[in-house]
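J.: sequence and predicted structure below; questions after.
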Number of protein chains: 2
Amino acid sequence: MYEAKVKIGLKKGVSDPEGTNTLKALHLLGFNTVKEAKTIRTVDLLMDGKNKEEVRKKVEQMCQRLLTNPVIHTYEIQIEER
Amino acid sequence: MYEAKVKIGLKKGVSDPEGTNTLKALHLLGFNTVKEAKTIRTVDLLMDGKNKEEVRKKVEQMCQRLLTNPVIHTYEIQIEER
């Protein structure tokens, strides 16, 4: 069994409204030391597979077909054996 | 400058509709080796502070007041100096 973590962030220049609003809200609450807030989504998959390379290939395909939008997202895949 | 990462997951027993739907969609696309899918949100903060302990305290407060819902969320704070 393998655990694959896909970290999905936004490409440079793409606006992050969730992050911007988090920052605004933190300032309103008086947390003025915060200079920047970004949000990242991680999808954590538990899956079968022969080896790390095969699992990585499958996860790459999932990213391209479902998990990410190539126009706005960057992604990073981490795979660990379980 | 410090970088604080807050990983926000769901407590055990709390349903994760985004994860469930991701799993369903992956199966529909033929990725049948995937057994489980979970989603985690990470808030990445860049902030000023005197030391790690002070920054951690502030981030704990932010989690309790804004970033997480204690009824359904668990969170984990990682702090690194920049």
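T.: Nice, I can see it. Since this is a predicted model, take the numbers as computed values, not measurements.
J.: and the gap between the closest residue to A:E81 other than its chain neighbours and A:I77?
T.: Nearest residue to A:E81, sequence neighbours excluded (Cβ to Cβ, 6 or more residues apart in numbering or on different chains): A:Y2, at 5.9 Å. Placement of C-beta: from N, CA and C, glycine included. Distance, A:Y2 to A:I77, by Cβ to Cβ, to the nearest Å: 11 Å.
J.: between the two, which one's more packed in?
T.: Between A:Y2 and A:I77, counted using other Cβ atoms under 10 Å in any protein chain shown, the more crowded position is A:Y2 (21 against 16).
J.: surely A:V43 is in contact with B:A37?
T.: Yes - between A:V43 and B:A37 there is a contact at 6.3 Å, judged by Cβ atoms under 8 Å.
J.: between these two, which contacts overlap?
T.: Counting by Cβ atoms under 8 Å, 6 or more residues apart in numbering or on different chains, the shared contacts of A:V43 and B:A37 are B:19, B:22.
J.: list the contacts of A:M1.
T.: A:M1 sits next to A:46-48, A:81-82, B:35 when contact means Cβ under 8 Å, 6+ apart.
J.: try 10 Å this time
T.: Under the criterion of Cβ atoms under 10 Å, 6 or more residues apart in numbering or on different chains, the contact list for A:M1 reads A:46-49, A:55, A:80-82, B:33, B:35-36.
J.: over to A:V43?
T.: Counting by Cβ under 10 Å, 6+ apart, A:V43 touches A:4-8, A:59, A:62-63, A:66-68, A:75, B:18-19, B:22-23, B:26, B:37-40.
J.: in space, what's closest to it - neighbours in sequence excluded?
T.: With sequence-adjacent residues excluded and distances taken as Cβ to Cβ, 6+ apart, A:V43 is closest to A:V6, at 4.6 Å.
J.: sorry, back to before: which ones among the contacts of A:V43 map onto helices?
T.: A:59, A:62, B:18-19, B:22-23, B:26 (DSSP state H).
J.: tell me the secondary structure at the residue of chain A most remote from its centre.
T.: For chain A, the largest distance from the centre (Cα atoms, centre = their mean) belongs to A:G30, which lies 28.4 Å off. Three-state call for A:G30 (DSSP: H, G, I helix; E, B strand; the rest coil): coil.
J.: before we move on, what about the one 5 residues further on?
T.: Assigned with three-state DSSP, A:K35 falls in the strand class.
J.: secondary structure element for the closest residue to it other than its chain neighbours?
T.: Closest residue in space to A:K35, ignoring its immediate chain neighbours: B:L46 at 4.9 Å, by Cβ to Cβ, 6+ apart. B:L46 belongs to strand B:34-47 when elements are defined using DSSP states H and E.
J.: that'll do, ta.
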